[in-house]
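Enquirer: starting from these lines, generate the structure:
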Amino acid sequence: MSEERRVPDACFDTLVDVIAAPALVALGAYAPPGQAPKVDLVHAKLTIELLRILRERSDGRRNEAESKRLDEMIDGLQRTYVAVVKKSRAEGK
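Expert: Presented below is the predicted three-dimensional model:
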């Protein structure tokens, strides 16, 4: 018998995670098993911008925990993006 996968709750945190996941992949944080991470700065930048739009459009409708989660995700992705860009430039890519 196979194990059933748990489906996350449909909530604001899950929405943030679903939007942010492609950015993490695009920044090289994750890769399919057996494959090297691939960096796609254009896709990462787009995904970060989508999270910024979500923050702007949901302003005043999030609770404190949701705002903190969203802000931390955007800040973390932005820091990672800058680090990846700097590394790319240092390697001459």
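Enquirer: phi and psi next, for Arg69.
Expert: The phi/psi pair for Arg69 (degrees, to the nearest 10) reads phi -60, psi -50.
Enquirer: all strands for the chain, in order.
Expert: Read by DSSP state E, the chain holds no strands at all.
Enquirer: excluding its backbone neighbours, what's nearest the spatially most central residue of the chain?
Expert: The residue lying closest to the centre of the chain (Cα atoms, centre = their mean) is Ala20, at 2.4 Å. Distance criterion Cβ to Cβ, 6 or more residues apart in numbering; nearest residue to Ala20, sequence neighbours excluded, is Met73 at 5.2 Å. Where you see a C-beta, it was placed from the backbone N, CA and C, and this is true even at glycine.
Enquirer: and the pLDDT for the one you found?
Expert: pLDDT recorded at Met73 is 98.
Enquirer: hang on, isn't it packed against Val18?
Expert: No - Met73 lies out of contact with Val18 (Cβ atoms under 8 Å); the separation is 11.3 Å.
Enquirer: so who does the closest residue to Tyr81 other than its chain neighbours touch?
Expert: Leaving out its chain neighbours, the residue that sits closest to Tyr81 by Cβ to Cβ, 6+ apart is Ala44, at 5.6 Å. Residues in contact with Ala44 (Cβ atoms under 8 Å, 6 or more residues apart in numbering) are 23, 26-27, 77, 81, 84.
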